[in-house]
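*Asks:* pasted the sequence and its predicted model underneath.
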Amino acid sequence: MSYKYGVGIAHLEFWVKDLEESILFYSKLFPMIGWYALNRTSYSCGAHEIYFKEMPVALHPSLGVRHICFHAKSREVVDKVGEWLQSINADIIRGPQPMPQYDNSYYTVDFRDPNGFVLEVTHMPDIEL
């Protein structure tokens, strides 16, 4: 049996409290880090897909992933994301900053999206997966 895609995560579904607010946020963030729109509510990097569904928290409360980290092609991309986050008064947890306790090449910005999801954009060229 052959598969169109390799082994890995096919997609991530985000349940969000306000679809329009989330789409506005991610439609700005994702192009900065190399992701593109597949349609109005889903995005891809070419290997993975993330899509968004509005879901009232009162109806479907659930625990989820602690945070999602996106690879950046350069430190400049991390800085660009940090500048954009500052310009919209986003909830920045830390950075952009180096994190030598992980690796001397690790450079990151951590923040919350409009739903409170913790996201990270990092450049880590010397780390092998």
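*Replies:* Done, it's in. Just so it is clear, the model here is predicted, and its values are computed rather than measured.

*Asks:* contacts for whichever strand in the chain runs longest, please.
*Replies:* Longest strand of the chain, by residue count under DSSP state E: strand 91-98. For strand 91-98, contacts defined as CB atoms under 8 Å, 6 or more residues apart in numbering pick out 75, 78-79, 81-82, 85-86, 104, 106-112, 118. No exception for glycine: its C-beta is placed from N, CA and C like everyone else's.

*Asks:* just the buried members of those residues?
*Replies:* Burial by neighbour count, 16 or more other CB atoms under 10 Å: within the contacts of strand 91-98 this picks out 75, 78, 79, 81, 82, 85, 106, 107, 108, 109, 110, 111.

*Asks:* look up phi and psi at the third one.
*Replies:* Per-residue torsions, residue 79: phi -60, psi -40 (degrees, to the nearest 10).

*Asks:* residues contacting residue 14?
*Replies:* Neighbouring residues of residue 14 by CB under 8 Å, 6+ apart: 22, 50, 51, 52, 53, 115, 117.

*Asks:* whichever of the residues you listed end up buried, select them in ChimeraX.
*Replies:* Buried residues within the contacts of residue 14, by 16+ other CB under 10 Å, are selected in ChimeraX with:
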select :22,50,52,117
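
*Asks:* nearest to residue 34 among the contacts of residue 14?
*Replies:* Distances from residue 34 to the contacts of residue 14, taken as CB to CB, are shortest for residue 50 (13.0 Å).
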